[in-house]
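> structure, please.
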Amino acid sequence: MARQTGRLLALQDQVTQTQIINRLKEQYGDRQTVSRYARFVIRSFVAWGALKDSEAKGCYEKAAPVSIAEPNLAILMFESALLATPEAKGALGLLLNNPAFFPFQLPVMTGDFVSQRSDRIDVVRYGLDDELLKLKI
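From the prediction side, this is the model:
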């Protein structure tokens, strides 16, 4: 839900409930539960301050992002994103710009910093300056 909402907000300033639900239906199928629970989550996003109601009904705007100053909290968020990925790995640059983290402003970090602070994440370098984070097994 957060990933689809974040992807839409990266493309435009406002999103509608219908746009979000259509993206979810493309991913999970056209089921009544998808629509119902998507509406509940959207209202939760508004209650948490991640989205704001706009003047038009069923239309939402991105709220001001919450700055994450604590690096350990950002690393925990990376770990949660890796756990949600079937391969349990992802490029650091993609994790820093993960659309699911749209309500947050994450600090810029290097792979070395992450590997020094976390005993559950390994860093693998590939290419000239690309870093891949993967969960330790």
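> how distant is stretch 30-41 from the center of its chain?
19 Å (Cα atoms, centre = their mean, to the nearest Å).
> where along this protein do the helices fall?
2-11, 17-28, 32-48, 71-83, 92-96, 111-117 (DSSP state H).
> what is the shortest one packed up against?
With contacts defined as 3 or more Cβ pairs under 8 Å, 6 or more residues apart in numbering; DSSP states H and E, helix 92-96 has these neighbours: helix 71-83, strand 130-135. All C-beta atoms are positioned from the backbone trio N, CA, C, and that covers glycine.
> so V41 touches Q4, yeah?
No - V41 lies out of contact with Q4 (Cβ atoms under 8 Å); the separation is 10.2 Å.
> between these two, point out the one with more neighbours.
Q4 (20 against 14; other Cβ atoms under 10 Å).
> give me the nearest residue to the more buried one, chain neighbours excluded.
Once flanking residues are discounted, Q4 sits nearest to R23: 4.3 Å by Cβ to Cβ, 6 or more residues apart in numbering.
> K89 reaches E79, doesn't it?
No - using Cβ under 8 Å as the test, K89 is too far from E79 to be in contact (11.7 Å).
> list the residues that contact both of these two?
Common neighbours of K89 and E79, counting by Cβ atoms under 8 Å, 6 or more residues apart in numbering, are L135.
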